[in-house]
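**Q** Provided below for reference: sequence and predicted model.
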Amino acid sequence: MIARLIRWSIGNRLLVILFAIMLAVWGGYTVKNTPLDAIPDLSDVQVIIKTTYPGQAPQVVEDQVTYPLTTAMLAVPGAVTVRGYSFFNDSFVYVIFEDGTDLYWARSRVLEYLSQVAPTLPAASRSALGPDATGVGWVYQYALVDRTGGHDLAQLRSIQDWFLKYELQTIDGVSEVATIGGMVKQYQVVVDPEKLRTYGIPLEKVQSEIVRGNQETGGRVIEMAEAEYMVRASGYIKGIKDLEVIPLAVTEKGTPILLRDVAQIRLGPELRRGIGELNGEGEAVGGVIIMRYGENAMRTIDLVKEKLETLKESLPEGVEIVTTYDRSSLIERAVDTLKEKLLEEFIVVLLVCALFLFHIRSALVILLSLPLGILAAFIVMNAQGINANIMSLGGIAIAIGAMVDAAIVMIENMHKHIERTPLTRDNRWQIVTEAAVEVGPALFFSLLIITF
């Protein structure tokens, strides 16, 4: 069969040349649009459920949240493993699916089963799905610093949470922007238990009145002078003074008891479980860019850098964005390594053919087969959904040697036939056919064995 294919190809040389040109164009387009990354994504198809249960110990979280969720997720179609982890305040459930399962189909199934088990969870717990990303989606990280000292950690955290995070999440390919370090500002109501006992106000009353005091209420409309006016009661808390005047109860004489009468109200940091530190210079606020599953890492990083350059102009004076991790440099080095190896192979092949065969045109035939083979490899990679990473590019670099060996054997056998039978215009293609058919099947099966 291989011999017949070789004879047909030599007999239809124009078609073969056209096919090679089409392969080169198709391969070039594929290379241009192949996702670039440094690390191969070998992660399982998994969906993460994070449940926050404020103020609860790990054992309580395990019994009331993690266990019900884990047992419910065992029935999800396609799930092969369900793992649950309980921490102070938080529960994490990992649902791992069979290989080849579509990630977004898996997320929709988990969400469906989550809605069924949600009514059985504690009222104070809040469940949400993790980002549609994998463990290798961590592609870029930056830190916010103010070397002038004009902004503290709480202000830097606010800039990250309320400005940079929302802007960066609009980038195509970004699944999540996670924040590290800093202080989360919160209103803190420090209640005096003696005063509560004196006024006879339970702690639950304080909590409920604070919630009721931070609401807006809409009424109907009033028609005046042939115009409609919306009735609205504005009650959102805008500062400490608004909290201080929230009424809790009334004394026997009708005097209102305000929140400031039983508690101290202040701004302070939320309880922290960790910190972010930069180069031993002290604490800093950081942001982590998590890439969406299956996206082009290089393209996503370039879009993030471009967006950050635009956002720098809107930052307060003194605040800087410092890059702490950038995978694009590793990706570029992987691509440069492949380019260097290709160039080295071209030079070595040219020298070998020139020194041993004394025929430059034969060396050009071998050199033309290398890029075509690489372009064909990229087409196959794209069809299988494999991106260009260290492993795949390294495999191509290793395979170059096998491709070159086969081409050199073919050309050398051609020269042996030419030595026995002088080449003329009439017998040129006959000798080429005989030489190719003689070693073609053996070379094909040897390369096939190497491939598998």
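**A** Here it is on my side, so go on. Numbering: from 1, shown residues only.

**Q** Next, the buried residues of the helix or strand that contains Ile379.
**A** Assigned by DSSP states H and E, Ile379 belongs to helix 360-383. Of all the residues in helix 360-383, those buried under the rule 16 or more other Cβ atoms under 10 Å are 362-363, 366-367, 369-370, 373-375, 377-379, 381-382. (Glycine included, C-beta is placed from N, CA and C.)

**Q** That helix packs against which elements?
**A** helix 13-33, helix 328-356, helix 390-420 (3 or more Cβ pairs under 8 Å, 6 or more residues apart in numbering; DSSP states H and E).

**Q** Can you tell me the closest non-neighbouring residue to the residue nearest the centre of the chain?
**A** Nearest to the mean C-alpha position of the chain, counting by Cα atoms, centre = their mean, stands Met291 at 1.9 Å. Residue nearest to Met291 in three dimensions, not counting chain neighbours: Gly137, with 4.3 Å by Cβ to Cβ, 6 or more residues apart in numbering.

**Q** Near that neighbour, how many other residues are there?
**A** 24 (other Cβ atoms under 10 Å).

**Q** for Ala263, same thing?
**A** Ala263: 21 neighbours (other Cβ under 10 Å).

**Q** what angle do the helix or strand hosting Met298 and helix 13-33 make?
**A** Per DSSP H and E, Met298 falls inside helix 297-311. Orientation note: helix 297-311 sits at an angle of 40 degrees relative to helix 13-33 (axes from the mean of the first three to the mean of the last three Cα atoms, to 10 degrees).

**Q** ok, residues contacting helix 297-311?
**A** The contact list for helix 297-311, computed with Cβ atoms under 8 Å, 6 or more residues apart in numbering, reads 35-38, 139-140, 142, 163-164, 167-168, 171-174, 289, 291-292, 321, 326-328, 331, 387.

**Q** change it to 7 Å
**A** 35-37, 139-140, 142, 164, 167-168, 171-174, 289, 291, 321, 326-328, 331 (Cβ atoms under 7 Å, 6 or more residues apart in numbering).

**Q** For this structure, which segments are assigned as strands?
**A** In the chain, the strands defined using DSSP state E lie at 46-52, 79-86, 90-97, 126-129, 138-146, 174-180, 185-191, 217-224, 227-233, 247-250, 256-258, 263-269, 285-291, 319-326.

**Q** Distance of Arg197 relative to Val262?
**A** 10 Å (Cβ to Cβ, to the nearest Å).

**Q** Which residue of these two possesses the greater neighbour count?
**A** Each of Arg197 and Val262 has its neighbours counted (other Cβ under 10 Å); Val262 has more, 22 against 11.

**Q** Show the contacting residues for that one.
**A** Counting by Cβ under 7 Å, 6+ apart, Val262 has contacts Val191, Asp192, Lys195, Leu196, Tyr199, Ile201, Leu248.

**Q** Grab the nearest non-local neighbour of it.
**A** Lys195 (4.3 Å).

**Q** With Ile400 instead?
**A** Counting by Cβ to Cβ, 6+ apart, Glu345 is the residue found nearest to Ile400 once chain neighbours are left out, at 5.1 Å.

**Q** and that neighbour, what pLDDT?
**A** For Glu345, the pLDDT comes out at 73.

**Q** could you list every residue that touches it?
**A** Leu370, Ile400, Val404.

**Q** Hmm, the last one is touching Val349, no?
**A** Which is Val404. Yes: if you go by Cβ atoms under 7 Å, Val404 and Val349 touch, sitting 5.6 Å apart.

**Q** Are there residues contacting both of those two? Which ones?
**A** What both Val404 and Val349 touch, as defined by Cβ under 7 Å, 6+ apart, is the set Ile366.

**Q** Where does pLDDT dip in the chain?
**A** Counting by pLDDT under 70, the chain shows low-confidence ranges at 357.

**Q** Show me the domain layout of it.
**A** 1-33+358-451, 44-132, 186-269 (the TED database).

**Q** start to end distance for the shortest one?
**A** Counting by Cα to Cα, to the nearest Å, the length from the leading to the trailing residue of domain 186-269 is 6 Å.

**Q** ok, now stretch 110-130?
**A** 11 Å.

**Q** that older thread, quick one: the contacts of Val262 as TSV, columns for distance to Ile96 and neighbour count too.
**A** Below are the contacts of Val262 laid out as TSV (distance: Cβ to Cβ, whole Å; neighbours: other Cβ atoms under 10 Å):
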residue	distance to Ile96	neighbour count
Val191	45	16
Asp192	50	12
Lys195	53	13
Leu196	49	17
Tyr199	54	14
Ile201	50	18
Leu248	50	20
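
**Q** Of these, which belong to helices?
**A** Lys195, Leu196, Tyr199 (DSSP state H).

**Q** can you list the residues you listed in JSON lines and add distance to Glu252?
**A** Output for these, formatted as JSON lines (distance: Cβ to Cβ, whole Å):
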{"residue": "Lys195", "distance to Glu252": "17"}
{"residue": "Leu196", "distance to Glu252": "17"}
{"residue": "Tyr199", "distance to Glu252": "11"}
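
**Q** Across the sheet, point out what pairs with the closest residue to Val322 other than its chain neighbours.
**A** Once flanking residues are discounted, Val322 sits nearest to Ala143: 4.7 Å by Cβ to Cβ, 6+ apart. Beta bridges link Ala143 to Gly286, Val322, judged by DSSP bridges.

**Q** coming back round to it: just give me the closest of the buried residues of helix 360-383 to Glu244.
**A** Checking the buried residues of helix 360-383 against Glu244 by Cβ to Cβ gives Asn382 as the nearest, at 63.6 Å.

**Q** Pretty sure the closest one sits against Thr34.
**A** Yes: between Asn382 and Thr34 a contact is recorded at 5.9 Å, counting by Cβ under 7 Å.

**Q** Deepest in the core, which of the strands of the chain is it.
**A** strand 285-291 (a mean of 24; mean count of other Cβ atoms under 10 Å).

**Q** what packs against that one?
**A** strand 138-146, helix 153-159, strand 174-180, helix 297-311 (3 or more Cβ pairs under 7 Å, 6 or more residues apart in numbering; DSSP states H and E).

**Q** Could you dump the domains of the chain into TSV with distance to Leu311 added?
**A** Output for the domains of the chain, formatted as TSV (distance: least, Cβ to Cβ, whole Å):
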stretch	distance to Leu311
domain 1-33+358-451	28
domain 44-132	21
domain 186-269	25
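
**Q** Among these, single out whichever gets nearest to Glu340.
**A** Per Cβ to Cβ, nearest to Glu340 of the domains of the chain: domain 1-33+358-451, 9.1 Å.

**Q** what distance separates the start and the end of that closest one?
**A** 19 Å.

**Q** Over to stretch 286-304?
**A** From start residue to end residue, stretch 286-304 stretches across 15 Å - Cα to Cα.

**Q** same question, stretch 117-134
**A** 25 Å.

**Q** which outside residues touch it?
**A** Residues contacting stretch 117-134 (Cβ under 7 Å, 6+ apart): 41, 43, 47-54, 64-65, 68-69, 72, 103-104, 107, 110-111, 114, 175-176, 290-293.
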